[in-house]
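[1] sequence and computational prediction follow.
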Amino acid sequence: MACRIGELVLGCRDPELLARFWCEVLDFVVLEREDGNWVEIGPREGWGGPQPTIFLSRRDEPEPGKMRLHIDVNPTDRDQDAELERLLALGARPADIGQTGEEHWHVLSDPEGNVFCLLKTRLAPL
């Protein structure tokens, strides 16, 4: 038996802001929250399904060192260019981490500057 990812934990200054952003990006819903300290978001069926949930935990100061985890997202119901427009309209911003411009993905940052990538390959919606 192997392990499976149940949730991803992301420290952030404003869990509510990032919850709204990532809910729109991933078509997730708020599953649970605690007084501005944390918000857990995930697919409508809740925790334990085929997709991990995202646990956004308040951290007033960034943790030392480079974040070693980032999220890759794939479009499901539109092509990459249309999805890029949608993500930018939601508040994502282009991020330069030294890419060459020849990549088949876009490097973006969420409203708090956490880097994520929009991949080209389209996945079937769940």
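    Cool, the structure landed.
[2] name the surrounding residues that touch stretch 81-99.
    Outside of stretch 81-99, the residues that reach it under the criterion Cβ atoms under 8 Å, 6 or more residues apart in numbering are 21, 24-25, 75, 78, 106-111, 113, 115-116, 118. To be clear about C-beta, it is placed using only N, CA and C from the backbone, and glycine gets the same treatment.
[3] mind doing that once more with 7 Å?
    Stretch 81-99 has contacts (Cβ atoms under 7 Å, 6 or more residues apart in numbering) with 21, 24-25, 75, 106-111, 115, 118.
[4] try stretch 116-126
    With Cβ under 7 Å, 6+ apart as the contact definition, stretch 116-126 has outside contacts at 43, 50-51, 70-77, 79-80, 83-84, 87, 104-108, 110.
[5] let's see that with 6 Å instead.
    70-76, 80, 84, 104-108 (Cβ atoms under 6 Å, 6 or more residues apart in numbering).
[6] same thing with stretch 46-62?
    With contacts defined as Cβ under 6 Å, 6+ apart, stretch 46-62 is touched by 5-12, 15, 18-19, 22, 31, 37-43.
[7] how about the helices in this structure?
    Remark: helices assigned in the chain by DSSP state H are 15-26, 80-90.
[8] just those: most buried one?
    Burial among the helices of the chain, expressed as mean neighbours by mean count of other Cβ atoms under 10 Å, is greatest for helix 15-26, which shows a mean of 19.
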